[in-house]
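Colleague: give me a model of this one.
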Amino acid sequence: MNSSSTLCAALVGAATFATGCGMFSTSTSGSSATVRTSSSTSSSTSSTASNTQESVALATDPSLEGLTLRQREFAQGQNEDFQEQVAIANERCGTNIEARIDWQSFAAQIDLRLDGQLNKSFSGYCATGIDGVRSACDSDTGKGAVQQRIQQYTCHYGPERTMTLDEGHLQLNIDWEAANYGDFVGDFLGRSL
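Modeller: From the prediction side, this is the model:
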């Protein structure tokens, strides 16, 4: 995603604004909102349209609600790396696992990172769960188990490291102090799939 589409996504909900992804205006009526777009350029590539759609989808992600502008911008940047790992896992496993990071649970941690008090890769820690799923698909048996048992994946922050699989929803709680996430996830999936 380019910086103009990140800016576009961060500003969704503003009254009217222009960015590299076009002119947007919003209006609200009761509990609904309407977003209208008009492109300022006569031609646009499909990748730009795709990036813009991805940005708008991220901007409407419920886990971004209630976050500050700087928190949303940070989350969107981290989410790009995370979703690349999800795509690789889905391709290897022949699945369409819906994966997301619960950004509201990370809000205080994002502030620490942005204030220079924390040096952790949010997308990296959260991707360990989906990387474990991808690794499980290295064998035909594991691939079949993933296809049957995992439809969703959500990564949350703390308070302690845990992993659960319930009704097709794999969830990982991150604790910065816990070590060896790859082993932890691999062991859990080996016992749960």
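Colleague: low-scoring stretches of this protein, by residue?
Modeller: 1-60 (pLDDT under 70).
Colleague: what's the neighbour count on residue 75?
Modeller: Residues lying near residue 75 (other Cβ atoms under 10 Å) number 24. (C-beta placed from N, C-alpha, C; glycine too.)
Colleague: which residues are in contact with stretch 134-149?
Modeller: Applying Cβ atoms under 8 Å, 6 or more residues apart in numbering, the external contacts of stretch 134-149 come out as 85, 88-89, 92-95, 133, 165, 168, 186, 189-190, 192-193.
Colleague: let's see the PyMOL selection covering just the buried ones among the residues you listed.
Modeller: Typed into PyMOL, the line below selects the buried ones among those, using 16 or more other Cβ atoms under 10 Å:
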select buried, resi 85+89+92+93+95+133+165+186+189+193
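Colleague: quick check: the farthest pair among the contacts of stretch 134-149?
Modeller: The span of the contacts of stretch 134-149, defined through Cβ to Cβ, is set by 88 and 192 at 21.4 Å.
Colleague: need the helices for this protein, in chain order.
Modeller: Secondary structure of the chain (DSSP state H): helices located at 3-11, 46-59, 69-93, 107-114, 122-136, 140-149, 181-192.
Colleague: contact partners for the closest residue to residue 132 other than its chain neighbours?
Modeller: In space, residue 132 comes closest to residue 185 once its chain neighbours are excluded; the distance is 3.4 Å by Cβ to Cβ, 6 or more residues apart in numbering. By Cβ under 8 Å, 6+ apart, residue 185 lies in contact with 128-129, 131-132, 163, 172.
Colleague: is it true that residue 103 touches residue 75?
Modeller: Yes - between residue 103 and residue 75 a contact is recorded at 4.4 Å, counting by Cβ atoms under 8 Å.
Colleague: now the common contact residues for the two.
Modeller: Common contacts of residue 103 and residue 75, defined by Cβ under 8 Å, 6+ apart, comprise 63-64, 67, 110.
Colleague: ok so, going back, which single one of the contacts of residue 185 is nearest to residue 181?
Modeller: Using Cβ to Cβ, these come closest to residue 181 at residue 128, 4.1 Å.
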